[in-house]
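Asker: what shape does this take:
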Amino acid sequence: MAVPGRLEAERAAADKAEKEAAEEQRRQEKAAEARQQAQAEGLVLRVGKSKTGYVSVYHDRRCRLKPYEAKVRRGGKLVSLGFSATAEEAAMCIARMFPPVAQASAYPALHVPIGGAV
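Answerer: Have a look, this model is predicted:
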């Protein structure tokens with residue numbers, strides 16, 4: 001015979017896992033939309049070696065809804081451009097600040113078109 005407290009705990013754990021899976025699915029969809037939007041605008045998302053995969057995009061674990069922050073250096077200071085739900089959205093903020101022509105000349109090794117081979 002099952003213990004009622006144990007059933008409730010199992011049900012709660014299953015609900016939590018389902019909720020997290022749905023949230024991850026929404027993030028994946030938003031990331032795909034951001035990549036399509038960048039391609040439509042002719043933007044190039046600068047690929048980097050950081051945990052986020054993009055240059056000037058940082059992950060802040062304290063922010064659950066919008067954990068990715070786009071930052072640039074201006075006048076020797078690090079300036080935040082805002083927080084985004086996905087790393088791709090934050091990378092788009094950076095790409096909009098630096099047009100593709102300027103990116104290609106300033107960062108030739110990082111000029112990788114969306115969907116292009118590295």
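
Asker: gap between the most centrally placed residue in the chain and Y68?
Answerer: The residue lying closest to the centre of the chain (C-alpha atoms, centre = their mean) is A87, at 1.1 Å. Relative to Y68, A87 is positioned 5 Å away (C-beta to C-beta, to the nearest Å). From N, CA and C alone the C-beta is placed, and that goes for glycine too.

Asker: common neighbours of those two, please.
Answerer: T52, V57, H59 (C-beta atoms under 8 Å, 6 or more residues apart in numbering).

Asker: sorry, back to before: ok, the residue nearest to the centre of the chain - contacts?
Answerer: Neighbours of A87 in contact, by C-beta under 8 Å, 6+ apart: A31, T52, G53, Y54, V57, H59, Y68.

Asker: neighbours of I94, how many?
Answerer: 21 (other C-beta atoms under 10 Å).
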